[in-house]
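**Student:** Whatever this is, show me its structure:
(chains A and B)
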Amino acid sequence: MTIADYLPILMMLVVGALFGGVSMFVSKFLAPRRPTRTKLEPYECGIVADKEPPERFPVRFYMVAMLFILFDIEIVFMYPWAVAYGRLGVFGFVEMAVFLLILLGAYAYIWREGVLDWAPRRALLVGSRSASEPDAAHEAEKAA
Amino acid sequence: MTGPHDGWWVLGSALKVVILFAATLILVMALVYIERKVVAFMQVRIGPNQAGPKGILQTLADGIKLFFKEPVTPRAVDRPIYILAPLLSLIPMFLVVAIIPFGNSITINGREIFLQGTDLNIGILFFLAMSSIGVYGITLAGWASGSKYPLIGGIRASAQMISYETCMGLALIPAVMTTGTLSMRGMVEAQSGTWLGFVPRWTGLVQVIPMLAFFICAIAETNRPPFDLVEAETELVGGFHTEYSGIRFAIFYLAEFANMFTISAIAVTVFLGGWNGPGFSFLPWLWPLLWFFAKTGVLVFIFMWIRASLPRFRYDQLMSLGWKRLIPVLLVWLLLSSGIQAWINEASNHVAGG
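**Tutor:** Okay, the predicted model is just below:
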């Protein structure tokens, strides 16, 4: 296993980039180009947009990104352990069990704090209640 | 490929890369046609039947048409990134193709040539890395378009894909643990042979839950229905590729379909025994190749079947499936399966030791 094993990867990179680049470039000469002012407007289902796209979006997306970084790093730590697992024996298991229990503890904490909820907790509760209420009313009606 | 790294080796590698590249393009054309036919069949329609016999040239016709279409560049785009984004989703796909073990090996002139672009010793990590880079293509496409729907699509895409990438990483760990290697070829070799003489030693038969989780993640990672919120037509027009037209759109489309194939191929390699299967002494290199494509074909068909059957998820359901179901299940499974494995190892050591 040497660095030479990456040569085919490099070749594939070149071939792929050439394919994409060349087809875009050639299409430039083959395809018509008749821009008009309306055609170049950002898409808005046929009407002229009166607002720019928003620069801000919900903070939850940032939270997901932060959680991803944390979890992904922990997962990358597990790969060398998994490869060597056959040789590590019980010691390897105990080590990883401690690591995983700490991770699960942190996971339970972020769950309880509501980081994993995709809507404010109140909205989720309201949503589930309004979904179940008609049902309950219906049941009561039936019983009566 | 074994043997010295000489001029023949470089030439052979170059040849393999060119073959893989061409095969990928042809395969994608076939896949687009097959998917349209399969979905049409499931929806009691006829599907494409005009271009060529039974419509098999339909994809080629569509490709040529897209090639000659005007690629509109809206005024609000961030031009360099807007042009770069399709390439960023195309190139990682090709790089993953280079590490897939399609078959065992073929001997030409006394030289054993592996039917694989290259066998990296960190194959599976390379795959994870490439699928991470694929996220950039879609996210940057949405961001650089300077338009509302692509922006929302791109942000959704990044959150969805990184969430499911976490699950995917977790689902692959038990498989690495069972086979004890990260190399794609090594994984396939570790799954050769049988238990009790007839049950194939596939990782997926031991690590059932990681296999199922991996498949769910695979669908989410390739943005296929029912997880195609990234390009949900009813709410986001076209999602991240709304502002892309002509050849640039074709490149995204190509990458999406090829990803469906590569991820199925990875699933087959890691969980379903890769090219292992009964073979005959007649043309010994052909059977592994056939087994590989048969298994991958079944998975690809399941992708299409799911697309035709299931309605689209809601975004909060999608995120809670990833973070609140798959991750805890996989963490606990990892703990359990490593414990059981340590116990088995320990028991067999005692037996072996006396």
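**Student:** Briefly note if stretch A:83-100 comes near chain B.
**Tutor:** Yes - using C-beta under 8 Å from any C-beta of the partner chain, stretch A:83-100 comes into contact with chain B via A:Val83, A:Ala84, A:Tyr85, A:Gly86, A:Gly89, A:Val90, A:Gly92, A:Phe93, A:Met96, A:Ala97, A:Leu100. Bear in mind the C-beta positions are built from the backbone N, C-alpha and C, glycine included.
**Student:** So what's the residue count around B:Arg36?
**Tutor:** For B:Arg36, the count of nearby residues is 18 (other C-beta atoms under 10 Å in any protein chain shown).
**Student:** I'd guessed it sits against B:Asn49; true?
**Tutor:** No - the criterion here is C-beta atoms under 8 Å, and B:Arg36 misses it with B:Asn49 at 10.2 Å.
**Student:** tally of neighbours for A:Pro8?
**Tutor:** The burial count for A:Pro8: 25, using other C-beta under 10 Å.
**Student:** got the contact list for the one helix or strand it maps to?
**Tutor:** For A:Pro8, the host element (DSSP states H and E) is helix A:7-30. Here helix A:7-30 makes contact (C-beta atoms under 8 Å, 6 or more residues apart in numbering or on different chains) with B:10, B:13-14, B:16-18, B:20-21, B:67-68, B:71, B:83, B:86-87, B:90-91, B:93-95, B:97-99, B:117-118, B:120, B:246-248, B:250-251.
**Student:** Redo the residues of stretch A:83-100 next to chain B as TSV? Include secondary structure and pLDDT.
**Tutor:** Output for these, formatted as TSV (DSSP: H, G, I helix; E, B strand; the rest coil; pLDDT from 0 to 100):
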residue	secondary structure	pLDDT
A:Val83	helix	89
A:Ala84	coil	87
A:Tyr85	helix	85
A:Gly86	helix	79
A:Gly89	helix	78
A:Val90	helix	84
A:Gly92	helix	85
A:Phe93	helix	87
A:Met96	helix	87
A:Ala97	helix	89
A:Leu100	helix	88
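**Student:** Show me which of those residues is closest to chain B.
**Tutor:** Nearest to chain B among these: A:Phe93, at 3.9 Å, using C-beta to the nearest C-beta.
**Student:** which non-adjacent residue is nearest the closest one?
**Tutor:** B:Ala342 (3.9 Å; C-beta to C-beta, 6 or more residues apart in numbering or on different chains).
**Student:** Return the distance of the one you found relative to A:Val90.
**Tutor:** Separation of B:Ala342 from A:Val90 (C-beta to C-beta, to the nearest Å): 5 Å.
**Student:** Tell me which of the two has more neighbours.
**Tutor:** Higher neighbour count among B:Ala342 and A:Val90: B:Ala342, with 21 against 13, using other C-beta under 10 Å.
**Student:** all helices of chain A, in order?
**Tutor:** Ranges of helices within chain A are A:7-30, A:60-83, A:85-112, A:121-143, based on DSSP state H.
**Student:** I'd like to know which of those helices is closest to B:Ile162.
**Tutor:** Closest of the helices of chain A to B:Ile162 is helix A:60-83, at 4.2 Å (criterion: C-beta to C-beta).
**Student:** tell me which residues in the closest one are buried?
**Tutor:** By neighbour count on 16 or more other C-beta atoms under 10 Å in any protein chain shown, the buried set for helix A:60-83 is A:60, A:64, A:67-68, A:71-72, A:74-75, A:78-79, A:81-83.
**Student:** And for stretch B:77-97?
**Tutor:** Neighbour counts over stretch B:77-97 (16+ other C-beta under 10 Å) mark B:77, B:82-97 as buried.
**Student:** Just send the helices of chain A back as TSV, with distance to A:Pro53 too.
**Tutor:** Output for those, formatted as TSV (distance: least, C-beta to C-beta, whole Å):
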stretch	distance to A:Pro53
helix A:7-30	24
helix A:60-83	15
helix A:85-112	30
helix A:121-143	25
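**Student:** Figure out which of these is closest to B:Val32.
**Tutor:** The minimum distance between B:Val32 and those falls on helix A:7-30, with 16.6 Å, by C-beta to C-beta.
**Student:** Next, the buried residues of the closest one.
**Tutor:** For helix A:7-30, a neighbour-count test (16+ other C-beta under 10 Å) marks A:7-9, A:11-13, A:15-16, A:19-20, A:23-24, A:27 as buried.
**Student:** And for residue 101, the neighbour number?
**Tutor:** Just so you know, I chose chain A. Using other C-beta under 10 Å, the number of residues around A:Leu101 comes to 12.
**Student:** meant chain B, my bad for not saying
**Tutor:** 26.
**Student:** That one contacts B:Val270, correct?
**Tutor:** No - look at B:Pro101 against B:Val270 with C-beta under 8 Å: they stay out of range, at 10.7 Å.
**Student:** List every C-alpha atom in stretch B:266-277, with coordinates, as CSV.
**Tutor:** The C-alpha coordinates for stretch B:266-277 follow below in CSV (Å, rounded to 0.1, in the frame of the first residue of the first chain):
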residue,chain,number,x,y,z
ILE,B,266,-21.1,0.3,-1.5
ALA,B,267,-24.0,-1.3,0.4
VAL,B,268,-23.4,-4.5,-1.6
THR,B,269,-19.7,-4.5,-0.9
VAL,B,270,-20.0,-3.8,2.8
PHE,B,271,-23.1,-5.7,3.8
LEU,B,272,-24.0,-8.2,1.1
GLY,B,273,-20.8,-9.9,0.3
GLY,B,274,-19.7,-7.9,-2.7
TRP,B,275,-18.7,-10.1,-5.6
ASN,B,276,-18.8,-13.3,-3.5
GLY,B,277,-21.1,-16.0,-4.9
